[in-house]
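Chemist: Sequence first, then the predicted structure, then my questions.
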Amino acid sequence: MITSSEFNLLELQNGSDIRGIAIATKNNELSLTDDRIEKISYGLLVWLKEMKKFDYQKNTTRVAIGYDSRLSADRIQNIIISTLTHLGVEVINVGLATTPAMFMSTQYKEFNCDAAIMITASHLPFEYNGLKFFTKEGGAESKDIEFILENADVKKITCSKVKGEVKKANLLKIYAADLIDKIKKGINNDENFDKPLIGRHIIVDAGNGAGGFFATEVLKKLGADISGSQFLDPDGTFPNHIPNPDNKVAMTSLQKAVLTHQADLGIIFDTDVDRSALVDNEGVTLNRNNLIAVISAIVIDENPGTTIVTNSATSEHLRTFIEELGGYQNRYLTGYRNVINQAIKLNTEGIQTSLAIETSGHAALKENYFLDDGAYLVAKILIADARLRKENKKLGSLIKTLKQPIETDEVRFRILKEPIQENGLDTMDKLRLFVKEVPGLTIEHNNLEGVRVNTSEDYGSGWFLFRMSLHEPLLVLTFESDEAGKIKKLRQDLKEFFYAQECLDSSDL
């Protein structure tokens, strides 16, 4: 067993989040221990003082804290509250919340918080938990998390003579009212301004995460029929399916509910509601490339000529679709902070960029602080849906010109040997050399991540992308083809290369 003194807190860094094992299991040792959570709280205060210029000793610093449905949330929250209030910080305990709502606690005048903490590990299994941090400027970056973990030391903290207060507040109530107001104004229904969704049957699948409020506190109050909605109650054991809009089982569950109840629309959220996806009345899934196309069509209509930043693993058909609408796609790196920061950068360079979005369902609009907010994304789509209905059109009409691939597939290779990063990069370099010798495979040079290859001849029209996983010791191989049976042949022919890579587990190929 690793002792506390031996453990490096940086092992808990997960990009711009902190994540670890918060409930010990047969296969997982506890890594988010009480003392480490306390230390992270110290690091947060050092970060706020030194990097964000909040002097918690001279002025009252107000921090909001909330959590999703995870079983370990209370333990983690209690430690953070005790630590922060002991150091003179005023804490607003908002209870069950969503990640985007926590950021909004720094914006709403009712809260006016200097910082916010969300306790979540997104869609990961029940034993995991983690932390996200916000200030009024936005979410913490990877470099901020690194600073917090490197400065998680009580010796760098000066204790306050006055203990901070703890107040309770219902953030989701304010957040839901804000969404209701935005939807009302966006639809602007002359006949029924306050209940513009009367006559609409909309099912919500919250996956037992924190998103159930969207059905009962937003859609129902706007007049929608929410019968058939499922898994709205928070339950950190996630007994029904993984709360993940990028998961086939979860999407199939929503599909079935929409078709069974003959609903107009289905909505699904991840655990902390920073991601979402939809299913239309015919059961067509609007996630991944389809979701990007739907919201791209909406924002390009509102902002002609705008740029859409996406992650790397998007379809060639999506690029064609966006360009035919008069927009531009900036295909960038995987990671929601990566696409958001690229969108912000492009705007500062004078390139109008309205949307940053990943195939995973993370979507951040310029008009909404470039905050990846699954509920706001759905609100935006509901407003567009109402406009379409006035023209006797359905939501699916927005992407009728988006060509769909005949086949898609994905294979994950676990990297078996250290150093992980070096072995991954070396394998990608070797694949580049291999591809150059294979007829029908051509390296795509307009690509910033991994190895992207266009296919032709015996492999049909399509592409594949080979890249490092952002957070796990994996290499990911994503396929897309416009011809049936071609991916099977490509997988077979790639076995020669992958089976020769001793550092990989290629058994799934």
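Modeler: Everything's here; your move. Being a predicted model, the structure only gives us computed values, none of them experimental.

Chemist: So which residue is smack in the middle of the chain?
Modeler: Residue closest to the average C-alpha location in the chain (CA atoms, centre = their mean): H362, at 3.8 Å.

Chemist: Please name the residues that touch the residue lying closest to that residue once chain neighbours are set aside.
Modeler: When the adjacent residues along the chain are set aside, H362 lies closest to Y336, with 3.9 Å between them (CB to CB, 6 or more residues apart in numbering). C-beta here means a position set from N, CA and C on the backbone, and glycine is covered the same way. Applying CB atoms under 8 Å, 6 or more residues apart in numbering to Y336 gives the contacts 274, 356, 358, 360, 362, 364, 372.

Chemist: The first one against V378, yeah?
Modeler: Spelled out, that is D274. No. Look at D274 against V378 with CB atoms under 8 Å: they stay out of range, at 12.0 Å.

Chemist: Tell me the residue in the protein that is farthest from the middle.
Modeler: K161 (40.1 Å).

Chemist: Now the phi/psi pair for D372, please.
Modeler: The phi/psi pair for D372 (degrees, to the nearest 10) reads phi -80, psi 100.

Chemist: beta partners of it?
Modeler: Beta-bridge partners for D372, by DSSP bridges, are A364.

Chemist: measure it to D274 for me?
Modeler: 5 Å (CB to CB, to the nearest Å).

Chemist: Residues in contact with both of these two, list them for me.
Modeler: 99-100, 336, 362.

Chemist: Show me those that map onto helices.
Modeler: Among the shared contacts of D372 and D274, the ones falling in helices (DSSP state H) are 99-100, 336.

Chemist: sorry, back to before: name the member of the contacts of Y336 with the most neighbours.
Modeler: Tallying neighbours with other CB atoms under 10 Å puts D274 at the head of the contacts of Y336, with 31 neighbours.

Chemist: State the helix or strand in which I18 lies.
Modeler: Element membership for I18 (DSSP states H and E) is strand 17-21.

Chemist: How about T271?
Modeler: Judged by DSSP H and E, T271 forms part of no helix or strand.

Chemist: Quick one: residues contacting it.
Modeler: Taking CB under 8 Å, 6+ apart, one finds 68-70, 120-123, 207, 209-210, 238, 243 in contact with T271.

Chemist: how far does stretch 154-168 sit from the chain's center?
Modeler: 32 Å (CA atoms, centre = their mean, to the nearest Å).

Chemist: what's in contact with that stretch?
Modeler: Against stretch 154-168 from outside (CB under 8 Å, 6+ apart): 39, 42, 45-46, 56-57, 60, 81, 84-95.

Chemist: Give me the buried subset of the residues you listed.
Modeler: Using 16 or more other CB atoms under 10 Å as the burial test, these include 39, 42, 45-46, 56-57, 81, 84-85, 87-94 as buried.

Chemist: Backbone dihedrals for the nearest residue to T60 once chain neighbours are set aside, both of them.
Modeler: Leaving aside its chain neighbours, T60 sits nearest to E90 (5.4 Å; criterion: CB to CB, 6+ apart). Dihedral pair for E90: phi -80, psi 130, per degrees, to the nearest 10.

Chemist: ok so, going back, among the shared contacts of D372 and D274, which two are most distant?
Modeler: Spanning the widest gap among the shared contacts of D372 and D274 are P100 and Y336, at 11.9 Å by CB to CB.

Chemist: Which neighbours do these two have in common?
Modeler: With CB under 8 Å, 6+ apart as the test, P100 and Y336 both reach 274, 372.

Chemist: how about the helices in the chain?
Modeler: For the chain, the helices defined by DSSP H occupy 34-50, 73-86, 99-104, 142-150, 171-187, 213, 248-260, 288-302, 316-324, 336-348, 374-390, 420-436, 486-498.

Chemist: For those, give me a markdown table that also has distance to E165.
Modeler: Conversion of those to a markdown table gives the following (distance: least, CB to CB, whole Å):
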| stretch | distance to E165 |
| --- | --- |
| helix 34-50 | 16 |
| helix 73-86 | 7 |
| helix 99-104 | 19 |
| helix 142-150 | 24 |
| helix 171-187 | 17 |
| helix 213 | 26 |
| helix 248-260 | 40 |
| helix 288-302 | 41 |
| helix 316-324 | 50 |
| helix 336-348 | 33 |
| helix 374-390 | 30 |
| helix 420-436 | 45 |
| helix 486-498 | 58 |
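
Chemist: among those helices, which is the most enclosed?
Modeler: helix 99-104 (a mean of 27; mean count of other CB atoms under 10 Å).

Chemist: dump the residue contacts of E367.
Modeler: E367 makes contacts with S354, as judged by CB under 8 Å, 6+ apart.

Chemist: Can you tell me how far it is from T306?
Modeler: Distance of E367 to T306, given as CB to CB: 11 Å.

Chemist: any common contacting residues for these two?
Modeler: Residues touching both E367 and T306 (CB under 8 Å, 6+ apart): S354.

Chemist: Can I get the ones in helices among the shared contacts of D372 and D274 in TSV including distance to A500 and pLDDT?
Modeler: Formatted as TSV, these follow (distance: CB to CB, whole Å; pLDDT from 0 to 100):
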residue	distance to A500	pLDDT
T99	43	98
P100	46	98
Y336	35	95
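
Chemist: Could you single out the nearest of the shared contacts of D372 and D274 to G485?
Modeler: Nearest member of the shared contacts of D372 and D274 to G485, counting by CB to CB, is H362, at 32.8 Å.

Chemist: Does the closest one touch D274 like I think?
Modeler: Yes. With contact defined as CB under 8 Å, H362 reaches D274; the gap is 6.4 Å.
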